[in-house]
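Chemist: this one's structure only:
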């Protein structure tokens, strides 16, 4: 939808009027021209849909444009496959005067690193990426925080105690989400279980729908997901089941199905990073923000979540923002994986490094990691 489309925000230049009153009259000095706008480009894996992962990043782009006005000129290229196509698009963007490029998929990491080496004057923001350089920063959000909160809601609403999870790939970010969701559910219902379907793709609406339908046939009455479309929410609406919206509020697609939405808020981060380029203060850094930073929040509560449960979730979110609740903090009992091994000893909490390297599934998850 935004392929090769640049939002036309040109910086206006001010030209002083020169008065001609004879050769002896000096010319008035010209007013300095406004500096050229910062060209900032965004690269998206999927189309910009009404809701979902890419929609939230494009909302962030729009917030950046609105915040900085004529100081910035943003554009976006969507539906860019990971791999050789991504590298080609990135080279074109860097060569066409973009001084700041945001990429929004884990799979763009290597193309970003290759292009960044050849364009040291361009700043790259690798969202969900895992490699940095002098001109490459990384950023991600603590999605697992919202997942834990949504698990509480799922446990309060579920009649079967069996939830489902439709996901793309078994990367640490996804495993964090599955585990936090399960731990959130089991904080309310210690017998709750979660069934997982691995799709090996981030965006395939027909397969996403099919996976949700298969889970509903296995006694699942509430489903979560980490894929890029609204197909799972639509399937829940069709079958009269419940779903946790992810990335965006999806009540438009599941007015009766949605329990709540875990939403991602990128506008402030994108604006701050563009402002840093304009001010000459940009530095390579790694950002990992969550509820406390306003990058993750729960909202969009649906009619099937009882009012008391809604209040409970909001209270837990406030505790999380204050640092008093951590999804990967064990209480009096240790937290085990689904093979029975202790992963978090009693009274201990995982470090950020341990969370980032997560390679296990929590007790209660009825699945194995794909090979």
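Modeler: Done, it's in. All figures in this text were calculated on a predicted structure; none of them were measured in a lab.
Chemist: any idea of the mean pLDDT for the helix or strand where residue 148 lies?
Modeler: With secondary structure defined by DSSP states H and E, residue 148 is part of helix 143-157. Across helix 143-157, pLDDT averages out at 98.
Chemist: tell me the contacts of residue 141?
Modeler: Contacts of residue 141 were listed using CB atoms under 8 Å, 6 or more residues apart in numbering, and they are 264, 288, 289, 290, 295, 296. Backbone N, C-alpha and C define where each C-beta goes, glycine included.
Chemist: point out where the stretch 1-150 of the chain drops to low pLDDT.
Modeler: For the stretch 1-150 of the chain, the stretches flagged by pLDDT under 70 are 1-33.
Chemist: quick revisit: buried ones among the contacts of residue 141?
Modeler: Buried residues within these, counting neighbours by 16 or more other CB atoms under 10 Å: 264, 289, 290, 295, 296.
Chemist: distance of the last one from residue 148?
Modeler: Distance of residue 296 to residue 148, computed by CB to CB, to the nearest Å: 10 Å.
Chemist: same thing with residue 273?
Modeler: For residue 273, the distance to residue 148 (CB to CB) stands at 27 Å.
Chemist: so these two - more neighbours on which side?
Modeler: Per other CB atoms under 10 Å, whichever of residue 273 and residue 148 has more neighbours is residue 148, with 31 against 20.
Chemist: from what I can see that one touches residue 181, true?
Modeler: Yes - in terms of CB atoms under 8 Å, residue 148 counts as a neighbour of residue 181; the distance is 6.9 Å.
Chemist: any idea how many residues pack against residue 283?
Modeler: Neighbours of residue 283 (other CB under 10 Å): 9.
Chemist: for residue 126, same thing?
Modeler: Neighbourhood size, residue 126 [other CB under 10 Å]: 27.
Chemist: so what sits opposite the residue nearest to the spatial centre of the chain in the bridge?
Modeler: The residue lying closest to the centre of the chain (CA atoms, centre = their mean) is residue 264, at 5.2 Å. Legend: beta-bridge partners of residue 264 under DSSP bridges are residue 296.
Chemist: give me the distance between it and residue 139.
Modeler: As defined by CB to CB, residue 264 lies at a distance of 11 Å from residue 139.
Chemist: go on, residue 68?
Modeler: Distance, residue 68 to residue 139, by CB to CB: 18 Å.
Chemist: please name the nearest non-neighbouring residue to residue 218.
Modeler: Using CB to CB, 6 or more residues apart in numbering and skipping residues adjacent in sequence, the residue nearest residue 218 is residue 195, 6.1 Å away.
Chemist: how about residue 352, nearest residue that isn't a chain neighbour?
Modeler: Nearest residue to residue 352, sequence neighbours excluded (CB to CB, 6+ apart): residue 288, at 7.1 Å.
Chemist: residue 213 too?
Modeler: Spatial nearest neighbour of residue 213, excluding adjacent residues (CB to CB, 6+ apart): residue 235 at 5.6 Å.
Chemist: and if you look at residue 179?
Modeler: That would be residue 362: by CB to CB, 6+ apart, it lies 4.1 Å from residue 179.
Chemist: show me what contacts the one you found?
Modeler: Residues counted as contacts of residue 362 (CB under 8 Å, 6+ apart) are 178, 179, 182, 183, 335, 336, 337, 338, 343.
Chemist: specify the beta-bridge partners of it.
Modeler: Legend: beta-bridge partners of residue 362 under DSSP bridges are residue 337.
Chemist: count of residues packed around residue 313?
Modeler: Residue 313: 23 neighbours (other CB under 10 Å).
Chemist: try residue 356
Modeler: Neighbourhood size, residue 356 [other CB under 10 Å]: 14.
Chemist: cool, and residue 241?
Modeler: If you count neighbours by other CB under 10 Å, residue 241 ends up with 22.
Chemist: correct me, but it touches residue 224?
Modeler: No - applying CB under 8 Å, one finds residue 241 not in contact with residue 224, separated by 11.8 Å.
Chemist: before we move on, the earlier item: quick one: secondary structure of the residue nearest to residue 213?
Modeler: Secondary structure, DSSP: H, G, I helix; E, B strand; the rest coil: residue 235 is helix.
Chemist: that one touches residue 214, doesn't it?
Modeler: No - look at residue 235 against residue 214 with CB under 8 Å: they stay out of range, at 9.8 Å.
Chemist: so those two - more neighbours on which side?
Modeler: Under the criterion of other CB under 10 Å, the comparison of residue 235 against residue 214 puts residue 235 first, with 27 against 15.
Chemist: per-residue pLDDT, the more buried one?
Modeler: 98.
Chemist: give the contact list for it.
Modeler: 208, 209, 212, 213, 216, 223, 241, 243.
Chemist: of all the residues you listed, which two lie farthest apart?
Modeler: Taking CB to CB as the measure, those span a maximum distance of 14.5 Å, between 208 and 241.
Chemist: next structured bit after the helix or strand hosting residue 164?
Modeler: Element membership for residue 164 (DSSP H and E) is strand 162-167. Later in the chain than strand 162-167, the nearest helix or strand by DSSP H and E is helix 172-188.
Chemist: what helices or strands is that next one leaning on?
Modeler: Judged by 3 or more CB pairs under 8 Å, 6 or more residues apart in numbering; DSSP states H and E, helix 172-188 is in contact with helix 143-157, strand 162-167, strand 193-198, strand 222-226, helix 352-356, strand 365-366.
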